[in-house]
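Participant: sharing a model prediction with you, sequence too.
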Protein chains: 2
Amino acid sequence: MLAAVLQVRAGSLQVMLWERAREPHAHRWSLPGGGLGDDEDVEASIRRQLAEKVDVRQLSHVEQLAVFSNPARVPGPRVVATAFLGLVPSHIDPVVPSDTAWHPVDALPATAFDHEAICRRARHRLASKLSYTNLGFALAPPEFTISALRSLYSAALGYKVSATNLQRVLSRRGLLEPTGGTVQPGPSGGRPAALFRFVSGQMRVTDPFAVLRPPSTRSLGS
Amino acid sequence: MLAAVLQVRAGSLQVMLWERAREPHAHRWSLPGGGLGDDEDVEASIRRQLAEKVDVRQLSHVEQLAVFSNPARVPGPRVVATAFLGLVPSHIDPVVPSDTAWHPVDALPATAFDHEAICRRARHRLASKLSYTNLGFALAPPEFTISALRSLYSAALGYKVSATNLQRVLSRRGLLEPTGGTVQPGPSGGRPAALFRFVSGQMRVTDPFAVLRPPSTRSLGS
DNA sequence: CAGGTTTTCGCCTATCGGTCGAAAACGTGG
DNA sequence: CCACGTTTTCGACCGATAGGCGAAAACCTG
């Protein structure tokens, strides 16, 4: 029962980790989690565990990732971990305990056990689902400009995406909706940006799973 | 630790079930599975469990599906089940024990516990991955004609697919390769069909995840 | 050899994503 | 108050891909 909770913070995708005080792997960073109670399913359990670290109402999305069960994944008796992916929208800054901090997924500190592999899986799952679902709603604030959304997608995917394309693709799939509002331009001027929202807060798979590819990755095999 | 082992048999997608002899849920049909040993990970364990039912070398693909952990999913003390999807190529007919049989997924008998829901998940996973991976290799024999492959895909997806399109899409992705051989036409005549194989037996995700849609599902929202 | 059957292949069309550039709408500084 | 830079928005074009159709190929039977 572990969760990789991801959020786009300061322009980069980050994961919530806590620093272990005791052995094994003291002073290494690990994913939050804990044991399964008798009267809860795994999702209820991970939400309960996460409640010790963050306000669970701030979690915009939680889903199963995979089971990690290598007998040697932790020292001592074998522990089977059901790993989860959690997401927090970028506009909130959860209060976390003193042993807990956010770390950019590109520059993780020394991690405990197999938690780095779990983080990789979480990143990959997020990147995939951003392309063929409306999961972006879980990273974004309730209202946002296209360029803000572009930044979120770029941070989560790890490559630049075109604002033009992002808007067209999401709109054509019926996921994006203008609110009618605009934001004032910054001190350097510029046209005021229109505000948008995601149509539904529920996860939806968009059928023609097209892709937001990295720029200029042209051509496939014969 | 449970597995939904799927195979296309007699033109329909079927799942391997065994009939429970004892309570609870006696005489209902359930998925094969069993407990996790101390020195194995979950995948090794499910392969060991399945070995009691089929020759595991006949399994062309095994992957994790999800964890089912509702405290009430089975009577008595709670059991957390890690569910798997297994696939068997259509050209082999595994020898199964006398309490075990194949059932079309569209017409399941009375099933035990939450096993029907697990079957649904397995079907959905298979259908999805057929569209954006080369998972077809796990359903097909080493060599096959396009119309045979079309039948497999139709059975697994639940709707007709065009042979023309199937061949073009898979070829364009570099997944399909002609062997050079042909098969003799049947008694009713017809042009001899060319034989093909999948290029690689490794599971590969084809990046531009295009889709084999059901026929004439035109147009999306605005 | 005529007719039926099955497979194969080329063509046409619609749609979608990638890219570019122009136009819109703002602020600033002379 | 007007020229200039900045940022956003929008339309246009291009290439690639999937879906559909029908003709041609290649075989069998009577």
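Facilitator: Thanks, I have the structure now.
Participant: show me where chain A has strands.
Facilitator: Remark: strands assigned in chain A by DSSP state E are A:2-9, A:12-19, A:29-30, A:61-68, A:81-87, A:100-104, A:144-145, A:176-183, A:193-198.
Participant: hmm, the top helix by length along chain A touching chain B?
Facilitator: Looking across chain A with DSSP state H, the single longest helix is helix A:115-132. Yes. Judged by Cβ under 8 Å from any Cβ of the partner chain, helix A:115-132 and chain B are in contact via A:131, A:132. (Glycine included, C-beta is placed from N, CA and C.)
Participant: what residues sit buried inside that helix?
Facilitator: Of all the residues in helix A:115-132, those buried under the rule 16 or more other Cβ atoms under 10 Å in any protein chain shown are A:115-116, A:118-119, A:121-123, A:125-132.
Participant: give me phi/psi at whatever residue of chain A ends up closest to DNA strand D?
Facilitator: Nearest to DNA strand D, among the residues of chain A, is residue A:190, at 2.3 Å (Cβ to the nearest atom of the strand). With angles defined as degrees, to the nearest 10, residue A:190 sits at phi 110, psi 160.
Participant: surely residue A:110 and residue A:26 touch.
Facilitator: No. Under the criterion of Cβ atoms under 8 Å, residue A:110 makes no contact with residue A:26, lying 10.8 Å away.
Participant: for residue A:76, give me its contacts.
Facilitator: By Cβ atoms under 8 Å, 6 or more residues apart in numbering or on different chains, the contact list for residue A:76 reads residue A:24.
Participant: do residue A:137 as well
Facilitator: Shown in contact with residue A:137 (Cβ under 8 Å, 6+ apart): A:60, A:175, A:198, A:200, A:201.
Participant: same thing with residue A:103?
Facilitator: A:14, A:15, A:17, A:29, A:109.
Participant: measure it to DNA strand C for me?
Facilitator: 29 Å (Cβ to the nearest atom of the strand, to the nearest Å).
Participant: do the same with residue A:152
Facilitator: Applying Cβ to the nearest atom of the strand, the value for residue A:152 to DNA strand C is 16 Å.
Participant: repeat that for residue A:54.
Facilitator: 33 Å.
Participant: correct me, but that residue touches residue A:5?
Facilitator: Yes. With contact defined as Cβ under 8 Å, residue A:54 reaches residue A:5; the gap is 7.1 Å.
Participant: what do the two both touch?
Facilitator: Common neighbours of residue A:54 and residue A:5 (criterion: Cβ under 8 Å, 6+ apart): A:16, A:88.
Participant: okay, these two: which has more neighbours?
Facilitator: Taking other Cβ atoms under 10 Å in any protein chain shown, residue A:54 and residue A:5 do not tie; residue A:5 has more neighbours (26 against 21).
Participant: who does the closest residue to the more buried one other than its chain neighbours form a beta bridge with?
Facilitator: Ranked by Cβ to Cβ, 6 or more residues apart in numbering or on different chains and with sequence neighbours excluded, the top spatial neighbour of residue A:5 is residue A:86, at 3.9 Å. Taking DSSP bridges as the rule, residue A:86 bridges to residue A:5, residue A:62.
Participant: please read off the pLDDT at residue A:86 from the model.
Facilitator: On pLDDT, residue A:86 comes in at 97.
Participant: so how far is residue A:180 from it?
Facilitator: Distance, residue A:86 to residue A:180, by Cβ to Cβ, to the nearest Å: 32 Å.
Participant: what of residue A:148?
Facilitator: 17 Å.
Participant: the two: which has the busier surroundings?
Facilitator: The neighbour count for residue A:148 versus residue A:180, taken as other Cβ under 10 Å, is higher for residue A:148 (19 against 8).
Participant: coming back round to it: just checking, what packs against the longest helix of chain A?
Facilitator: strand A:2-9, strand A:12-19, strand A:61-68, strand A:81-87, helix A:146-157 (3 or more Cβ pairs under 8 Å, 6 or more residues apart in numbering or on different chains; DSSP states H and E).
Participant: try 6 Å
Facilitator: If you count contacts as 3 or more Cβ pairs under 6 Å, 6 or more residues apart in numbering or on different chains; DSSP states H and E, helix A:115-132 packs onto strand A:2-9, strand A:81-87.
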